[in-house]
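K.L.:
dropping a prediction and its sequence here:
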Amino acid sequence: MKKALATFVSMRTAHVNNMALEACVAFLLAEELDADDNVPFVADALRHIQGVRDKTEGDYITTVVPQYSVVEFQNHFQLTPTQVEELITSLEPVNWNFTRRKWPLRNIILSSLWTLTTLESYRDVAERFQTSKSVICDHLHEFCALLTEHFSHKIRWPKGAEAEASVAGFSWAGLPGTLCAVGSRHVPIDKPQGVPEPEAYLNAKQFYSINLMAFCDHAGRFVHVNAEHPGGWHNSQVFQMTEVGKALQEDPQALLTDHHLVGDATFPLFEYLLTPFPDFGDLVVKKGRYNWRIFSTLKVIQNAFRVLLSRFHRLKSLQMHSIAKTSTAVKACCILHNMCLETNNPVQLDDTDCDTVLQEPFHLLPNGHSGSLGGISKRQDIVASLGRKRPQDIM
């Protein structure tokens, strides 16, 4: 062990970047170290080797990035090179608050995209882009703020042709008139500072989070997002506080025009928001078929969240004490998600979804109810209209 450490330290001091010596270090590490017991040391060694290589090869942005193919570029930054150029063109004229900006805008955008895409420590990101951790953090906050301000149109409520396409797209689930699906995910945060009730952000799984409530169309594109409220709040409470929830309470027709949303059992049943029947194991066939269609529709929003978290791993560990900055970063990732859909950029989905936090069904809450009269009536009408089971219902 001491021999391996001495060899590695001497190489670190000399800044040697040689493939043969790297192989020697790897051999010594494998031979002398138990990987299970020395993961931090091995990770640090590998980071150093890669860091030395990057510095020897030249500046990462000007030397390495131009060598990437379009696919490689997207894998690292999620957006295409063309989309990054569009960001530069749109944001360059903006009066940046960071008045002493020393970096070119391209560096700021690429480093911010890299930071949001990976779970590398801020220190490691700074080493990759040959700057300091504070610069990476400051520019990340600034980039997210500018993105949410100047690209908010990337998240828009479906109207006209977009609304018709979404309703038609959801028709595969057999629930006519569905415009959007609504759901929520919990974004982990550090214990918040500067808020009246920090413990309100402690959710049922006993970690601090904010509730990301999102509405999506048939293609998984976010059409409205809210990432401001505590993880300890119930979905029904957060829903009422969203702009969509408030608008629906005032005039549902202005937003939906005879269509409806679909949500899970944590949301209240209304004529404009359909939810599943409570299942105690004794549902009649048609009610069970109705629930199956609800759950099929909800898979769209569930998959949208999974894609979002698979693209932007930083959402699993933002490490921002400010709720305002955290909310802005989450919204920025949702905007970037929609931009990725514009270019059909595929993503390798993560196997785990640890941010799912179970909540009580709305009708079981102390202030809950079984649904509005309009909602109950509409749900019963849909159940009555369901005919024989289609072939795809069996699959």
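P.N.:
Perfect, I can see it now. Numbers count the residues shown, from 1 in each chain.
K.L.:
find the residue at the geometric middle of the chain.
P.N.:
Nearest to the mean C-alpha position of the chain, by Cα atoms, centre = their mean, lies L308 at 3.5 Å.
K.L.:
gap between that residue and I382?
P.N.:
For L308, the distance to I382 equals 30 Å [Cβ to Cβ, to the nearest Å]. All C-beta spots, glycine's among them, are computed from the backbone N, C-alpha and C.
K.L.:
same deal with L116?
P.N.:
Taking Cβ to Cβ, one finds L116 at 40 Å from I382.
K.L.:
out of the two, which sits in the busier spot?
P.N.:
L116 (22 against 19; other Cβ atoms under 10 Å).
K.L.:
name the element that one belongs to?
P.N.:
When elements are assigned from DSSP states H and E, L116 belongs to helix 105-117.
K.L.:
now what about that helix, what contacts it?
P.N.:
61, 65, 76-79, 84, 87-88, 91-92, 101, 120, 122, 125, 128-129, 131, 136, 139-140, 142-144, 311-315, 329, 332-333, 336 (Cβ atoms under 8 Å, 6 or more residues apart in numbering).
K.L.:
now, which of those lie within helices?
P.N.:
Members of the contacts of helix 105-117 lying in helices (criterion: DSSP state H): 76-77, 84, 87-88, 91, 122, 125, 128, 136, 139-140, 142-144, 311, 329, 332-333, 336.
K.L.:
write a PyMOL command that selects only the buried members of those residues.
P.N.:
With 16 or more other Cβ atoms under 10 Å as the criterion, this PyMOL line picks the buried residues out of the ones in helices among the contacts of helix 105-117:
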select buried, resi 76+77+84+87+91+122+125+128+136+139+140+142+143+144+311+329+332+333+336
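K.L.:
paired strands for the lengthiest strand in the chain, with orientation please.
P.N.:
For the chain, the longest strand by residue count, based on DSSP state E, is strand 178-188. Strand 178-188 has these partner strands in its sheet, going by DSSP bridges: strand 209-216 (antiparallel), strand 260-262 (parallel).
K.L.:
could you dump the ones you listed to JSON lines with mean pLDDT, distance to F295 and mean neighbour count?
P.N.:
Output for the strands paired with strand 178-188, formatted as JSON lines (pLDDT from 0 to 100; distance: least, Cβ to Cβ, whole Å; neighbours: other Cβ atoms under 10 Å):
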{"stretch": "strand 209-216", "mean pLDDT": "97", "distance to F295": "15", "mean neighbour count": "26"}
{"stretch": "strand 260-262", "mean pLDDT": "98", "distance to F295": "9", "mean neighbour count": "25"}
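K.L.:
got a markdown table for these, with distance to F151 too?
P.N.:
Listed next are the strands paired with strand 178-188 as a markdown table, based on distance: least, Cβ to Cβ, whole Å:
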| stretch | distance to F151 |
| --- | --- |
| strand 209-216 | 17 |
| strand 260-262 | 25 |
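K.L.:
those strands: which one's closest to P196?
P.N.:
strand 209-216 (15.0 Å; Cβ to Cβ).
K.L.:
after that closest one comes which helix or strand?
P.N.:
Past strand 209-216, the next helix or strand by DSSP H and E is strand 222-230.
K.L.:
the helix holding L116 - what's its average pLDDT?
P.N.:
Averaged across helix 105-117, pLDDT comes to 95.
K.L.:
pull out the buried positions in that helix.
P.N.:
Neighbour count says helix 105-117 has 105-117 buried, by 16+ other Cβ under 10 Å.
K.L.:
in whichever strand or helix holds V167, what counts as buried?
P.N.:
Element membership for V167 (DSSP H and E) is helix 161-170. Under the neighbour-count criterion of 16+ other Cβ under 10 Å, helix 161-170 has 162-163, 166-167, 170 buried.
K.L.:
next: stretch 244-259.
P.N.:
244-245, 248, 252, 255-256, 259.
K.L.:
what's it in contact with?
P.N.:
157, 163, 167, 177-179, 182, 215, 224, 239-240, 270-273.
K.L.:
can you give me the end-to-end distance of it?
P.N.:
14 Å (Cα to Cα, to the nearest Å).
K.L.:
what of stretch 337-349?
P.N.:
14 Å.
K.L.:
same thing with stretch 364-380?
P.N.:
20 Å.
K.L.:
next one: that stretch to chain centre, how far?
P.N.:
Distance of stretch 364-380 from the chain centroid (Cα atoms, centre = their mean, to the nearest Å) equals 31 Å.
K.L.:
what's the answer for stretch 166-180, then?
P.N.:
24 Å.
K.L.:
contacting residues for C216?
P.N.:
Taking Cβ under 8 Å, 6+ apart as the test, what C216 contacts is 180-181, 222-223, 300-301, 304.
K.L.:
same thing but 10 Å
P.N.:
C216 sits next to 155, 158, 166, 180-183, 222-225, 300-305, 308, 334, 337-338 when contact means Cβ atoms under 10 Å, 6 or more residues apart in numbering.
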